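In: Whatever this is, show me its structure:
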Amino acid sequence: MGRPKKHSGPIGIFDSGVGGLSVLREVKRQLPAEDLIYVADQAHVPYGDRSRDEVLGFSLAIIRFLVKMQAKLVIVACNTASAVALTELRNRFPKLPFVGMEPAVKPAAEETRSGVVGVLATPATFQGDLYASTVEKHARGVKILQDTCPGLVGQIEAGRISSSETRQILERALAPMIDQGVDEIVMGCTHYPFVIPLIREIAGEGIEVIDPAPAVARQAGRLLEKYDLLDRSGGETKCDFFTTGDPAAFSGLLGSLLGLKAVPQRLLWVEGELQEVPRA
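Out: This is a model prediction of the structure:
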């Protein structure tokens, strides 16, 4: 009996910047046989400060690019894009399975002993219907404390994950939560898991920090299984990276954040669509 055929097409993953790499890291760990393609829209990072229409437009164009690249499933590895665009993406691309980001309020509410849960996310995520409905459905009777951590995404995009300024941003966000007895802290932005070690250092023992990436990777695996898209070939895999920003800077972040050596390809925004820039 011959080796099973490799399912064509990668898993597509996109974010406004490097935050979604925290999801890619977990997808690589849980689904090591899959090809991956990652798009970082660093020309527009952070999405959390942009209008709903802008984020929707960027997201639709990125999906069109990923469809052109034959993606068989897409992970919207951005909480803001998930909150703003996921429903519309599913409506516009009904044959393409999607996995979105949802702040892990439910497990935090179930696990809290103090009844106080902290959520760190962007303003757009907090203002979205998805977050509101999640809190309403799963966190009744639980005190939810929120902070947008202004400037944190920029620090992580610059690779300054343990700088004094990054620590100050987190200390300002976490101090009121700690004072009010928080024992569960939810990462509501895919950038933030990269500073979990610093958060744990500041928060101390007894406070659980929840990274949603493992649950997202599990859901991707379930959908691939459901639609018979899992790669069972055991062949070589590849991971392609694209950025609308500076490929050299992104390459450096791949090394510092994930320990990966890769040369991303440049994408340009041209009249609302993404175009590849040929390598020199």
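In: So in this protein, where's the weakest helix or strand by average pLDDT?
Out: Of all the helices and strands that make up the chain, helix 123-127 has the lowest average by mean pLDDT, DSSP states H and E, namely a mean of 86.
In: what's that helix packed up against?
Out: Contact here means 3 or more CB pairs under 8 Å, 6 or more residues apart in numbering; DSSP states H and E; on that basis helix 123-127 packs against helix 79-92. C-beta here means a position set from N, CA and C on the backbone, and glycine is covered the same way.
In: Just the residues contacting the helix it packs on, thanks.
Out: By CB atoms under 8 Å, 6 or more residues apart in numbering, the surrounding residues in contact with helix 79-92 are 14-16, 46-48, 50, 52, 55-56, 58-60, 63, 74, 76, 98, 100-103, 121-122, 124-125, 127-131, 188-190.
In: And the contacts of the least confident helix or strand of the chain?
Out: The set of residues that contact helix 123-127 without belonging to it, under CB under 8 Å, 6+ apart, is 47-50, 52, 55, 79-80, 83-84, 103, 119, 131, 146, 148, 188-189.
In: Repeat the analysis, applying 10 Å as the threshold.
Out: Outside helix 123-127, the residues within contact range by CB atoms under 10 Å, 6 or more residues apart in numbering are 46-52, 55, 78-84, 101-103, 119, 121, 131-132, 135, 146-148, 150, 188-189.
In: Could you identify the buried members of the residues you listed?
Out: Buried subset of the contacts of helix 123-127 (neighbour count, 16 or more other CB atoms under 10 Å): 46-50, 55, 78-84, 101-103, 119, 121, 131, 135, 146-148, 188-189.
In: where exactly do the helices run in the stretch 151-280 of the chain?
Out: Counting by DSSP state H, counting those that start in this stretch, one finds helices in the stretch 151-280 of the chain at the ranges 152-157, 164-179, 196-203, 213-226, 247-253.
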